[in-house]
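**Q** quick one: sequence plus predicted model below, questions after.
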Amino acid sequence: MWPAFVLLTLADGLVLHLLPPVGTGVDLVPAILIAVFGNLVLIGALAPWLARRVWARRPAAAPGTPPVAQVEVLTDRIGTGLLVASVVGVLVAGLAARPLVVAETDARERAAKAILQTIENSGNEELIRNTETAQTARLSDGTFRTCIAHDDRRHFWCYIIDPNQHPVKVTRDAGIPNGPVD
């Protein structure tokens, strides 16, 4: 169990760093520390408790093996299983927390990523808060227009995005419907 503890704890920490389950991200060293403490709880508290519960319900003892050794082996096996489950759990949580970008083309996906970056960098709390109202329309081959509602839902911020330029060009659209909607 202990070699597995070392390897799987490092894997947990790396997954926490690369696929953080929180939007702010987790640096590598804190991620490894979180993984160490979480995995110690799994193998130090949960695994022995589960092993005693499983051993107490066993059909019969193996002949010639002391009961203490049986519990020890069962604890190691359950602890290793819990460590593997922790890596899978952290991986699933990290993948579930990734932002979803639905796009039918690569250009539309680049446009979506660029507008999200523009919104995050704007510092405008109202714009950031209303990101989920974004509506994107294709204006021409490779040019998109994305509009995001204000809190009152009568005014919009609109942007023209050209994903064919490197870096992707995002400009504020001064046209309608930036004003009130009738």
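**A** Arrived safely, thanks for sending. Numbering: from 1, shown residues only.
**Q** quick one: least confident helix or strand in the chain?
**A** Within the chain, no helix or strand scores below strand 135-140, which has a mean of 85 by mean pLDDT, DSSP states H and E.
**Q** strands paired with that strand, and their directions?
**A** The partner list of strand 135-140 in its sheet, established with DSSP bridges, is strand 143-149 (antiparallel).
**Q** following the strand it pairs with, which helix or strand comes up?
**A** Once the chain leaves strand 143-149, the next helix or strand it forms, by DSSP states H and E, is strand 156-162.
**Q** name the next helix or strand downstream of the longest helix along the chain, please.
**A** In the chain, with assignment by DSSP state H, the single longest helix is helix 67-96. Downstream of helix 67-96, the first helix or strand assigned by DSSP H and E is helix 106-122.
**Q** quick one, that next one and strand 143-149 angle?
**A** Angle between the axes of helix 106-122 and strand 143-149 is 40 degrees (criterion: axes from the mean of the first three to the mean of the last three C-alpha atoms, to 10 degrees).
**Q** what comes up buried for helix 106-122?
**A** For helix 106-122, burial by neighbour count (16 or more other C-beta atoms under 10 Å) applies to Ala107, Arg108, Arg110, Ala111, Ala112, Lys113, Ala114, Ile115, Thr118, Ile119. Using the backbone N, CA and C atoms, a C-beta is placed for each residue, glycine as well.
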